[in-house]
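J.: With the input below, show me the fold.
(chains A and B)
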There are 2 protein chains.
Amino acid sequence: MVKQIQVVQNILQSNEEIAAQNRRLIDEAGIFALNMMSSPGSGKTTLIEVTARRLADRYRIAMVNGDITTTLDADRAQQAGAGQAVAINTGGNCHLEAHMVRDALNQLDLAAVDMLIVENVGNLICPHGFKLGVHKRVVVASTPEGADKPYKYPSMYTGADVLVINKMDLLPYLDFDLEHFTRGVEALNPGLVTFPLSCTTGEGVDAWIAWLEAEIAANRG
Amino acid sequence: MVKQIQVVQNILQSNEEIAAQNRRLIDEAGIFALNMMSSPGSGKTTLIEVTARRLADRYRIAMVNGDITTTLDADRAQQAGAGQAVAINTGGNCHLEAHMVRDALNQLDLAAVDMLIVENVGNLICPHGFKLGVHKRVVVASTPEGADKPYKYPSMYTGADVLVINKMDLLPYLDFDLEHFTRGVEALNPGLVTFPLSCTTGEGVDAWIAWLEAEIAANRG
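T.: Got it, this is the predicted structure:
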């Protein structure tokens, strides 16, 4: 039993070190980097597509997409305007780790990137434990998931820098108590920057895009 | 590296053995047992509530609910008519393992149970790798998750004995290609027993309940 815990600790320690190396690479290249995390089916990939389409004429965007078995998300990202995209096939692994992102960074021309979006594996539990070396961790919730998610999956919300609440257009058809959801988030992560939006109708997307542009500008200093 | 793999293999082997012990306990008591798995927010807990309400007058139902930190699901199950309910707090673990279910079985009066529903942690990846000792593995998909899920999370679909497609009432408001979804499932698990339904409108629930009753009867022999 002690041996197992030891192994896990070594893995996590090593992950932290590689994440710090990733961060140095990213910072040296002047890149603003995001780690996008969510349940499967929150609309994370669609949000990334919308984001790339809105920003591709002004910023050079690179994507790193974690997928268990396919390259579907990386294909979609590139079609949406990401100049460079790398698919990480995790081989069944339920989250990205820093070494996977390091391997992806090695395949990118970092000098030609303004913003790097890392799309994690769809999973509301495991990804939060593994730092990747980015600047901001974005959690994408969606209204059909239900308002109890911050209460049931607290770690993801506690560790978030930004929260997107996607699929706001479905509210009239759902029993989603936005106030209950918001209270749960506020208890875990007071003052968390939050963008309610809909990728389908475009409602709320402007505020998200404006935040990204401000962050890219601030990162450039 | 070899050491890490060794540890994982030992854990999985031990899990199989405990799952087989669980199965013997369940079979000796004449119980029909399900393992319900899904993404967070598929409506798994609501489906279990609906199921318990429909069957509680004819069958004695016990629930085992895996939750990362709370007992919310077990509370809901008991309110819906489960005679006995045990909450397994996984302490951050992203899936149930057989030893957790064994501990839960030890807290139940198995002689007073006809059907046991094990609600796994909301996660479309990790739970599939851990047998628990039940008769049927039920995957609960939901239309807002998108039609690409069988393609992106194949293991869960490959290992399912039954598939529920929940939230069918939302189809008019979603861009969900049911044919694409079904083709993906069929490629992984041909002929998989599937129940499209809506817990909100009740559409399709009768067929699911009828299947459960037939399975309970068949299990009694």
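
J.: If the residue nearest to the spatial centre of chain A is in a bridge, with which residues?
T.: What sits nearest the mean C-alpha location of chain A, by CA atoms, centre = their mean, is A:Met36, with 0.5 Å. Residues in a beta bridge with A:Met36, per DSSP bridges, are A:Glu119, A:Val138.

J.: quick one: low-confidence parts of chain A?
T.: For chain A, applying pLDDT under 70 flags the ranges A:1-12.

J.: Please, where are all the helices along it?
T.: Taking DSSP state H as the test, the helices found in chain A are A:2-28, A:44-55, A:72-79, A:98-106, A:149-152, A:154-158, A:178-188, A:205-220.

J.: which stretch among these comes nearest B:Leu163?
T.: Nearest to B:Leu163 among those is helix A:72-79; the distance by CB to CB comes to 20.5 Å. To be clear about C-beta, it is placed using only N, CA and C from the backbone, and glycine gets the same treatment.

J.: ok, that closest one near chain B or not?
T.: Yes: Helix A:72-79 reaches chain B (CB under 8 Å from any CB of the partner chain) through A:Leu72, A:Asp73.

J.: angle of that helix against helix A:44-55?
T.: Computed by axes from the mean of the first three to the mean of the last three CA atoms, to 10 degrees, the angle separating helix A:72-79 from helix A:44-55 equals 10 degrees.

J.: what number of residues lie near the closest residue to A:Ile209 other than its chain neighbours?
T.: The shortest distance from A:Ile209 to any non-neighbouring residue, by CB to CB, 6 or more residues apart in numbering or on different chains, is to A:Arg54 (5.1 Å). Residues lying near A:Arg54 (other CB atoms under 10 Å in any protein chain shown) number 19.

J.: about what we covered before: arrange the helices of chain A in a markdown table, one row each, with distance to B:Asn89 as further columns.
T.: Formatted as a markdown table, the helices of chain A follow (distance: least, CB to CB, whole Å):
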| stretch | distance to B:Asn89 |
| --- | --- |
| helix A:2-28 | 19 |
| helix A:44-55 | 28 |
| helix A:72-79 | 33 |
| helix A:98-106 | 29 |
| helix A:149-152 | 11 |
| helix A:154-158 | 12 |
| helix A:178-188 | 17 |
| helix A:205-220 | 35 |
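
J.: So which of those is nearest B:Arg137?
T.: helix A:149-152 (21.4 Å).

J.: Who are the packing partners of that closest one?
T.: With contacts taken as 3 or more CB pairs under 8 Å, 6 or more residues apart in numbering or on different chains; DSSP states H and E, helix A:149-152 sits against helix A:178-188, helix B:72-79.

J.: cutoff 7 Å now
T.: If you count contacts as 3 or more CB pairs under 7 Å, 6 or more residues apart in numbering or on different chains; DSSP states H and E, helix A:149-152 packs onto helix A:178-188.

J.: any idea how far the residue nearest to the centre of chain A is from chain B?
T.: To chain B, A:Met36 is 15 Å away according to CB to the nearest CB, to the nearest Å.

J.: Would you enumerate the residues in contact with that residue?
T.: For A:Met36, the contacting residues are A:Lys44, A:Ile48, A:Ile117, A:Val118, A:Glu119, A:Asn120, A:Val138, A:Val140, by CB atoms under 7 Å, 6 or more residues apart in numbering or on different chains.

J.: Turn these into JSON lines, including neighbour count.
T.: As requested, these are exported to JSON lines (neighbours: other CB atoms under 10 Å in any protein chain shown):
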{"residue": "A:Lys44", "neighbour count": "26"}
{"residue": "A:Ile48", "neighbour count": "24"}
{"residue": "A:Ile117", "neighbour count": "26"}
{"residue": "A:Val118", "neighbour count": "27"}
{"residue": "A:Glu119", "neighbour count": "29"}
{"residue": "A:Asn120", "neighbour count": "29"}
{"residue": "A:Val138", "neighbour count": "25"}
{"residue": "A:Val140", "neighbour count": "27"}
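
J.: Among those, which one lies nearest to chain B?
T.: Nearest to chain B out of these is A:Lys44 (CB to the nearest CB; 10.2 Å).

J.: how about the residues of chain A that lie near chain B?
T.: A:4, A:7, A:39-41, A:67-70, A:72, A:92, A:94, A:122-126, A:142, A:144-146, A:148-149, A:151-155, A:167, A:170, A:173 (CB under 7 Å from any CB of the partner chain).

J.: let's see 8 Å
T.: A:3-4, A:7, A:11, A:39-41, A:43, A:67-70, A:72-73, A:92, A:94, A:121-126, A:142, A:144-146, A:148-149, A:151-155, A:167, A:169-170, A:173-175, A:200.

J.: Quick one: buried ones out of those?
T.: For these, a burial check counting by 16 or more other CB atoms under 10 Å in any protein chain shown picks out A:39-41, A:43, A:67-68, A:70, A:73, A:94, A:121-126, A:142, A:144-146, A:148-149, A:151-155, A:167, A:169-170, A:173-174, A:200.

J.: and the nearest residue to A:Leu170 once chain neighbours are set aside, how many residues sit next to it?
T.: Distances taken as CB to CB, 6+ apart place A:Thr143 nearest to A:Leu170, at 5.3 Å, with adjacent residues excluded. When neighbours are defined as other CB under 10 Å, A:Thr143 has 24 of them.

J.: how near is A:Thr143 to A:Pro172?
T.: According to CB to CB, to the nearest Å, A:Thr143 and A:Pro172 sit 10 Å apart.

J.: and if you look at A:Leu132?
T.: Look at A:Leu132 and A:Pro172: by CB to CB, they are 37 Å apart.

J.: More neighbours: which of the two?
T.: Ranked by neighbour count (other CB under 10 Å), A:Leu132 and A:Pro172 place A:Leu132 first, with 29 against 7.

J.: wait, isn't that one in contact with A:His95?
T.: No: in this structure, A:Leu132 is not within contact of A:His95 by CB atoms under 8 Å, at 9.7 Å.

J.: Indicate which one of the helices of chain A is closest to B:Glu179.
T.: Closest of the helices of chain A to B:Glu179 is helix A:72-79, at 17.3 Å (criterion: CB to CB).

J.: I'd like the distance from the closest one to the chain centre, please.
T.: The chain centroid and the centroid of helix A:72-79 are separated by 15 Å under CA atoms, centre = their mean, to the nearest Å.

J.: so what's A:Asn219 closest to, chain neighbours aside?
T.: Closest residue to A:Asn219 apart from its sequence neighbours, by CB to CB, 6+ apart: A:Phe32 at 4.1 Å.
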